[in-house]
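Enquirer: got a predicted structure plus its sequence, pasted below:
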Amino acid sequence: MAETTTLIIGAGPAGLTAALELVRRGARVTVLEKLDKVGGLARTEFYKGYRFDIGGHRFYTKVGEVEALWRQMLGADFRRTRRLSRIYYRHHFFNYPLEPLDALMKLGLWESLRIGLSYLKAKLTPHRPDETFEQWVTHRFGARLYETFFKSYTEKVWGIPCHKIRADWAAQRIKGLSLRTAVVNAVFGTNNTKSLIQEFDYPPLGPGMMWERFQQTIEAAGSEVRLRTETVKLAHDGRRVTRLTTRREGEATEMAADHFISTMPLPELIAALDPPPPAHVLAAARGLKHRDFILVGLIVNRAELFPDNWLYVHSPDVTVGRIQNFKNWSAAMVPDPRKTSLGMEYFCTRGDALWGRTDAELVALAKADLARLGLAEPDEVEDGAVIRQLDAYPVYDADYHRHLETLRDYLLGFENLQTIGRSGLHRYNNQDHSMLTGMLAARNIAGGRHDVWSVNTERSYYEEFSAKDGARGPQP
Ligand SMILES: Cc1cc2nc3c(=O)[nH]c(=O)nc-3n(C[C@H](O)[C@H](O)[C@H](O)COP(=O)(O)OP(=O)(O)OC[C@H]3O[C@@H](n4cnc5c(N)ncnc54)[C@H](O)[C@@H]3O)c2cc1C
């Protein structure tokens, strides 16, 4: 490949994978990252020797090329970890995947009977369309099970009622699960369902370790990963991006390149284009929503708290949505084996009451939630740190699809700009599919014709999927 220059916005999994693929093909790349470390949502934060993921990050994929790349990068440092996670609801911990006997004992005979009858009713009712999350789940599991195990947690995550969430999200995340399969899984110990993965890989020092290895490999090949460098403007002539402006410690710098790849959230990318796109494109960008996220890391003065990697907290009487126990992911995440570090996860939206709380208030809330759940007393918590993460979850609301099509059509009009990754495509992708879009974008620069927008999180969980298969119709 003749030497070309590429500027990549964002050093998350997608941007770093695109960079690695390009440098391996002899291209020169500069990755521009606004934070002080690589990894994006999959970075590992560090506080007084304790390591925290932005939500625990499992490495699991059916994309052969991604799996091979992970192993190549980390080798023996990539460790197989067993998953244990339970649901906390109505003062009980329910095994997850749900086990009929366990659920029966904790819910009681009467409630279990009502769930069974409501399931039968759903099964006997003729097929109805699934437009919303609520319909998707109720039609498959019955209204009672939906109310018990899906509604409260899902509404905590998304901050909107389940009848306003598109069925796409359920189809992407919990497809393949049915009450019948849950029973079969419980009896025979089998599991073919993607949300119930029982084992995964994990780097001993958290997912950030993987992305730091990518950074080192890119830099060793003579390309650059520039941290604390925010992209604020992309100048264009309607057909090509001509220059990009970054800001680093208050100083603006203009850069030119042959190709541009962006992993920044689509609304921000559209707002950074100069001259601005047409009004309908700006309106579509404003219509795409993200859900934000706060992680309160707590250091608890106790060696063992609970055996799970994480707990889902469905109970509406506490605000916390999920609790990570990092030493159960890897002992090396915690510097002192007599202590436990927890990641108390709060789903929120910038500007709301939760987002507006001070760090001290958030630590106090996390301690109170922990005590209310009976997991630890407030005076056992010896320290806490708050990590705020914007744009953690692309929201699939009633209008997102329409807005996304408008943005896709507009962006495909550029010859030398590709958007990739989770926020770059506004798709609920895990690391593997975010990386796959990075591989395809790099191959497009090398002359390929892959449609990154067609990378479908759905397909590859069931099929061996190689990046070659992502090839579709024309892509400029
Ligand atoms: C709570 C949570 C749990 C998750 N758990 C898992 C899991 O278990 N397994 C899994 O595989 N995946 C998981 N994911 C998904 C995974 O984090 C993403 O798929 C992946 O990080 C997306 O990579 P990306 O490069 O597309 O985007 P990001 O990780 O978002 O990276 C984008 C990067 O661009 C930078 N950036 C943005 N704007 C600019 C700008 N203007 N200038 C410069 N830099 C900019 C950002 O700082 C960021 O570093 C989880 C996500 C969340 C939120």
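Expert: It's in.
Enquirer: what is the least confident helix or strand in this structure?
Expert: Taking mean pLDDT, DSSP states H and E as the measure, the chain has helix 179-188 as its least confident helix or strand, at a mean of 49.
Enquirer: packing partners for the following helix or strand past that helix?
Expert: Stepping forward along the backbone from helix 179-188, the first helix or strand reached (DSSP states H and E) is strand 199-202. Here strand 199-202 is seen to pack against strand 79-82 when contacts are counted using 3 or more C-beta pairs under 8 Å, 6 or more residues apart in numbering; DSSP states H and E. (Glycine included, C-beta is placed from N, CA and C.)
Enquirer: which helices and strands does the strand it packs on pack with?
Expert: On a contact count with 3+ C-beta pairs under 8 Å, 6+ apart, strand 79-82 meets strand 199-202.
Enquirer: state the mean pLDDT of the strand it packs on.
Expert: Strand 199-202 carries an average pLDDT of 92.
Enquirer: stretch 343-360 close to the ligand?
Expert: No: residues of stretch 343-360 contacting the ligand under C-beta under 6 Å from any ligand atom: none, with a closest distance of 6.7 Å.
Enquirer: go on, stretch 277-292?
Expert: No: applying C-beta under 6 Å from any ligand atom, one finds that stretch 277-292 is not in contact with the ligand, the shortest distance being 8.9 Å.
Enquirer: ok, stretch 32-49 next?
Expert: Yes: applying C-beta under 6 Å from any ligand atom, one finds stretch 32-49 touching the ligand at 32-35, 40-42.
Enquirer: also stretch 419-436?
Expert: Yes: with C-beta under 6 Å from any ligand atom as the measure, stretch 419-436 is seen reaching the ligand through 421-424, 429-432, 434.
Enquirer: which phi and psi does Val381 have?
Expert: Note on Val381: backbone dihedrals following degrees, to the nearest 10 are phi -90, psi 110.
Enquirer: correct me if wrong: Leu288 contacts Arg402.
Expert: No: when contacts are counted by C-beta atoms under 8 Å, Leu288 is not listed as touching Arg402 (10.2 Å).
Enquirer: returning to what we had before: what's the closest of the residues of stretch 32-49 next to the ligand to Leu244?
Expert: Top of the list for closeness to Leu244, among these and by C-beta to C-beta, is Leu32 at 7.8 Å.
Enquirer: picking up where we left off before, switch the residues of stretch 419-436 next to the ligand over to JSON lines; also include secondary structure.
Expert: Compiled in JSON lines, those are given as follows (DSSP: H, G, I helix; E, B strand; the rest coil):
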{"residue": "Gly421", "secondary structure": "helix"}
{"residue": "Arg422", "secondary structure": "helix"}
{"residue": "Ser423", "secondary structure": "helix"}
{"residue": "Gly424", "secondary structure": "helix"}
{"residue": "Asn429", "secondary structure": "coil"}
{"residue": "Asn430", "secondary structure": "coil"}
{"residue": "Gln431", "secondary structure": "helix"}
{"residue": "Asp432", "secondary structure": "helix"}
{"residue": "Ser434", "secondary structure": "helix"}
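Enquirer: which one of these is nearest Thr242?
Expert: Checking those against Thr242 with C-beta to C-beta, the nearest one is Gly424 at 20.0 Å.
Enquirer: pull up the residues of the stretch 351-476 of the chain that are close to the ligand.
Expert: That would be 392, 421-424, 429-432, 434, which are the residues of the stretch 351-476 of the chain within reach of the ligand (C-beta under 6 Å from any ligand atom).
Enquirer: kind regards, and thank you for your time.
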